[in-house]
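[1] mind looking at a prediction? Sequence and model below.
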Amino acid sequence: LQLVESGGGLVQPGGSLRLSCAASGDAWHYYAVGWIRQAPGKGREGVSCISASGSVTKYVDTVKGRFTLSRDTTKNMVYLQIDSLRPEDTAVYYCAEASEFTTDPDKFDFWGQGTQVTVSS
C-alpha cells in the first residue's frame, strides 16, 4: 500500500482547499481512510475518516461542518474538502489507512508523507 497526498498550500482565513490522497495497492478497497493532522509543536489529531465503501464518514467536532470527506473507489482517490479555514487549521495533513473505522491516529497502519496546510493572512 502506498498513499500520496497533494493539494496543500497557503490560504487566507475563510478560504478553501481540497486535499487529495492517491492510493495504490490491491488492498486499498478494504481499508477505511482517515486524515490526521499535526500542528507545529502539537500531537497528532485525527480529524475525519471514511469507511472502506465510502458510505459512512465521521468528523471530530472541531471540523464538523467545514470538512467534507469523499472517496472515489474507481480512481483510488480520497478527497478532503476544507472550507472556512482558520489559522488553527494550520498543520501537516496526512492521509492514512486503517482496518477499522476510526479517527484514532494510533490505529492507522499505513501513512502518506503529508501535505502542508498554512492558513494565514
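    Nice, thanks for sending it over. Numbers count the residues shown, from 1 in each chain.

[2] how far does stretch 68-83 sit from the chain's center?
    9 Å (Cα atoms, centre = their mean, to the nearest Å).

[3] end to end, how far does that stretch reach?
    Using Cα to Cα, to the nearest Å, one end of stretch 68-83 lies 8 Å from the other.

[4] start the count at 454, not 1, going forward
    Noted, 454 is the first residue going forward, which turns the last one into stretch 521-536.

[5] tell me the buried residues in that stretch?
    522, 524, 531, 532, 533, 535 (16 or more other Cβ atoms under 10 Å). Backbone N, C-alpha and C define where each C-beta goes, glycine included.

[6] the second one - that's part of a strand, no?
    Translated: residue 524. Yes. Counting by DSSP: H, G, I helix; E, B strand; the rest coil, residue 524 is located in a strand.

[7] skipping adjacent residues, who's closest to it in space?
    Counting by Cβ to Cβ, 6 or more residues apart in numbering, residue 507 is the residue found nearest to residue 524 once chain neighbours are left out, at 3.7 Å.

[8] what segments of the protein are strands?
    455-459, 462-464, 470-477, 485-491, 497-503, 510-512, 520-525, 530-535, 544-551, 563-564, 568-572 (DSSP state E).

[9] name the strands paired with the shortest one and say parallel or antiparallel.
    Yep, that's strand 563-564 we're talking about. strand 544-551 (antiparallel) (DSSP bridges).

[10] same question for the third one.
    Strands adjacent to strand 470-477 in the sheet, as given by DSSP bridges, are strand 455-459 (antiparallel), strand 530-535 (antiparallel).

[11] make JSON lines out of the ones you listed and add mean pLDDT.
    Shown next, in JSON lines, are the strands paired with strand 470-477 (pLDDT from 0 to 100):
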{"stretch": "strand 455-459", "mean pLDDT": "95"}
{"stretch": "strand 530-535", "mean pLDDT": "97"}
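
[12] alright, calling it a day.
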